[in-house]
Every structure is written in structure tokens, then in C-alpha cells.
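*Asks:* fold the following.
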Amino acid sequence: MASLTASSLLSSSSSSRRKIIQAAIHVPKLPNLRISVPNLPKTSTNSIKLIEQLSLNEPINVIPSESPFSSTSHLHAILQAVADRVEMHNNIGQQRDNWNSLLLNSINAITLTASALAAGASAAGAVGAPLLALKLSSALLFSAATGMLVMMNKIQPSQLAEEQRNAARLFKQLQNQIQSLIMVGARTQTDVDSTMARVLALDKAYPLPLLGVMLEKFPKTFKPASWWPNYEAKAKNERTHFDGKQHERFNGWSDQLEAEMREVVEIIKTKDAEDYVRLGNLALKINKTLAISGPLLTGIAALSSAFVGDWSVVAAVAGSLAAAVNSFEHGGQIGMVFEMYRNSAGFFGLLEESINGTLEEADWEKRENGQVFETKVALKLGRSLSQLRQLASKSAAAREEGISIDEFASKLF
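*Replies:* Have a look, this model is predicted:
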């Protein structure tokens, strides 16, 4: 009986432990969760091709031509070409500056040597072969100097070097503007076309080759440089005054600012531009006179050295004068001065055209911000904003009194 009781107790205790363990490891039933997965778009054929090209490292050409990315690509290509032009113009400018120094020193050395030989033939009183050798050497040297002077005066190396310096500076300016345009974003095909036109206009204004396309060094009349494309004039529409208040600014513009810009344009046209045209014509006349005088003097010296007696003295004097004229013309770089005046007159022409073109746009909203534009004009003229406004007020007062203003617009040069 005792064993049966123990057995029943053991079986009951083990069954109770199984129930406890089952209860302990029982996992509650979780609620049903519904997860919605969004429908993925079907992969397009262009996307598949793009992925295949990326995996095979092939060039990608699936961007539409009108997209901003395409315009950016074009601007990057133009930017590389402009950077290359900056380097080319810098290198060629240094080369042509070296031409000026080397040709000047060589021609002067030849001319002075020939003058010394001519003077020696006159002073030594040599006869026969020695006299003939001195005269022949002098004549040949003067002839060589004449030919070299004609070539040098034709190409004007100092003016060529100044052209390349100006071109490098303007291309560098365009390079910075393209970089800013790329950083701003929202490029369009119009930006690409405008930039291309500016590059081609600069190429035409400052050509690299000498033969066939070299700028005329002795034009009949002085003309300011022009390195920007000629755009068609904008149509003048009737202006709309915003909010019915003419004095209120919109996009930085007001009637007062417009009047100020018109006064600045008038001063640039009547004072600065005219003054540089006058100086350019003066430099052109001086350069023409010197360019004719140098070869003429060496030619006279070459002919005089062939004769005996006092003609040798004439040859020596003419040769010395030719060396002095050549030094003044090319050592003083009169051609460079002429090109500097031509470029400065072109700068004022561009500024005048820029202001007039902005004012012709009747819709103030389509213009560049007026306050930013005013700041740019002031900086280009080397003035502060307050000085620019004082200049405009002074010009308006002088106009009312019927007198001309006695001040130039630019303080920069």
C-alpha cells in the first residue's frame, strides 16, 4: 500500500510540474500585422541602358539636350577653352614683348655700328680697298637696318604685346563669370549661346595670328576697341510703375536711380570717351610720324654711305638720328600707348552700352537688381556709391545752368 501511495504521489507531482513548465514556456498569440509594400515603378529602357553603361564604363549620352545638366556640360566645355585661351594669350604676349626688346636692341646695334663705320671712313682718310670696305660694310648694315625697321614698324611688337595682355585679362574675366554662372545653377541654352558669342567676339577683337587677320596698326581714324557681341536693341515698351508710386523701389530700381544712371552715361560720353579718343588720335599721329622717320633716316644713311667726302658724315648723322627715333618709338612703346588708349575708349563704350541696354528694358523686374547694378558701375569707375550719386547731382545741376561739367566720370584711369 505504501508503494502504491508513493507511486501515485510521484506521478501526480510530475504531471503538475509538466503543467507548470508548459505554462512557463507558453508564447502568447501575436496579432496579425499587415505590411503594405509600395508598388515600385517599372524600370524604363533608358534606366536599364544607363545602368549597363555605368557597369561597362561606357560614355553616357542619355541626357536630353534641353536639360540644365546639358547646359552645364556645354559651359564646362567653354570654360576649358577659355582657360586655354588665357594661357595662349599670356604666352604669346610674353613672346611678342621679347620681340620688341630683341629687335630694338639689334636694330640699334646695327645702326650705330654702321654710323661708326661711316664716320671712320670719313675721318681716317683711307683710300682704295680699306675705304671701299668701310663704305660697303656701312651701306649693307644701313640697308639691313632699314628692312628690319620697316618690318618692325609694320607689326608694332609693343602694341601686339599689349593686345595679348588685354585679351588675357578679358578672357580671365570671362572665365570667372562662367565659373560663377555654373555655381549659381539654373543654366539655360541662352546662357550657353551668350557665352559662345562672347568668346568668338574676343577671338575676333584680339586675333592670335599675324598674317591676314592682324589688326591694322595705322588706321585712318582712331576707333575704340570692341570685344563684345553686338546684340539687337531691345524693344521699348511702356513702363508700368508698381503700386502707383514712382518714388518707390522695385527690384532695386527707382526713377531717381534711372536719372542717376542717365547722367553718368552722359558724362562718360562727353568727357571720358572723348578724352581718350583725342589721346588715341594724338598717339596714332606720333606713331605714324616715327614709323616713317626711322626707315627714312636709315635709307638716307645707306645711300649717303656709298659716296665719298662729306656724304659719309651725312650717313653717320642720319644713322645716329635713326637710332634715337627707333629708341623713342619702340623703347617708349608708343604702339602700346596707342593700344592702351584704344582699349580704354572701348571700356567706356562698353560701359555706356551696358547702362543704356539696361535702361531700355522697360520691365524693372526683368533687369538686374538696381542696387547691385549701381554698385558695379561705381566700382568700374573707381568711385564709392556716395561719390557716384554726387557726380550725377553735379551733372544735373550743370545741365540746368547750361554749362558743361568739369569732372570725369572715372577715377580709375
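*Asks:* any low-confidence regions in this structure?
*Replies:* 1-69, 123-129, 186, 231-249, 308-309 (pLDDT under 70).
*Asks:* hmm, 90 instead?
*Replies:* 1-74, 117-137, 180-192, 209-213, 220-221, 229-252, 304-314, 360-368, 398-407, 411-413 (pLDDT under 90).
*Asks:* report the longest helix in it, please.
*Replies:* helix 68-124 (DSSP state H).
*Asks:* any idea which helix or strand comes after that helix?
*Replies:* Of the helices and strands lying after helix 68-124 in sequence (DSSP states H and E), the nearest is helix 129-155.
*Asks:* which parts of that following helix are buried?
*Replies:* 131, 134-135, 137-139, 141-146, 148-149, 152-153, 155 (16 or more other CB atoms under 10 Å). The way it works is simple: take the backbone N, C-alpha and C, and place the C-beta from them, glycine included.
*Asks:* tell me how far whichever helix or strand comes after that helix lies from the chain's centre.
*Replies:* Next helix or strand after helix 129-155 toward the C-terminus (DSSP H and E): helix 157-184. Counting by CA atoms, centre = their mean, to the nearest Å, helix 157-184 is centred 2 Å from the centre of its parent chain.
*Asks:* pick out the residue closest to the middle of this protein.
*Replies:* residue 170 (1.3 Å; CA atoms, centre = their mean).
*Asks:* thinking again about what came up before, what's the longest helix of the chain packed up against?
*Replies:* helix 129-155, helix 157-184, helix 189-205, helix 273-304, helix 311-326 (3 or more CB pairs under 8 Å, 6 or more residues apart in numbering; DSSP states H and E).
*Asks:* kindly reformat the ones you listed as a markdown table containing distance to residue 107.
*Replies:* What follows is these, written out as a markdown table (distance: least, CB to CB, whole Å):
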| stretch | distance to residue 107 |
| --- | --- |
| helix 129-155 | 5 |
| helix 157-184 | 12 |
| helix 189-205 | 30 |
| helix 273-304 | 9 |
| helix 311-326 | 6 |
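*Asks:* which one of these lies nearest to residue 95?
*Replies:* Shortest distance between residue 95 and the helices and strands packed on helix 68-124, using CB to CB, is found for helix 157-184: 8.4 Å.
*Asks:* now the closest one and helix 273-304, what's the angle there?
*Replies:* 150 degrees (axes from the mean of the first three to the mean of the last three CA atoms, to 10 degrees).
*Asks:* for helix 157-184, packing partners?
*Replies:* helix 68-124, helix 189-205, helix 334-360.
*Asks:* most tightly packed of these?
*Replies:* helix 334-360 (a mean of 20; mean count of other CB atoms under 10 Å).
*Asks:* gap between that helix and the chain center?
*Replies:* Put simply, helix 334-360 sits 13 Å off its chain's centre (CA atoms, centre = their mean).
*Asks:* so the residue nearest to the centre of the chain versus residue 201, what's the distance?
*Replies:* Residue 170 sits 10 Å away from residue 201, going by CB to CB, to the nearest Å.
*Asks:* any residues in contact with both of these two?
*Replies:* Counting by CB atoms under 8 Å, 6 or more residues apart in numbering, the shared contacts of residue 170 and residue 201 are residue 227.
*Asks:* ok, now which ones touch the spatially closest residue to residue 348 that is not a sequence neighbour?
*Replies:* Spatially, and ignoring its direct neighbours in sequence, residue 348 is nearest to residue 273 (4.4 Å; CB to CB, 6 or more residues apart in numbering). Going by CB under 8 Å, 6+ apart, residue 273 touches 224, 345, 348-349, 352.
*Asks:* just give me the closest of those residues to residue 252.
*Replies:* Nearest member of the contacts of residue 273 to residue 252, counting by CB to CB, is residue 352, at 20.7 Å.
*Asks:* contacts only, for residue 79.
*Replies:* 175, 178-179, 182 are the contacts of residue 79 under CB under 8 Å, 6+ apart.
*Asks:* next: residue 157.
*Replies:* 96-97, 99-100, 103, 330, 335.
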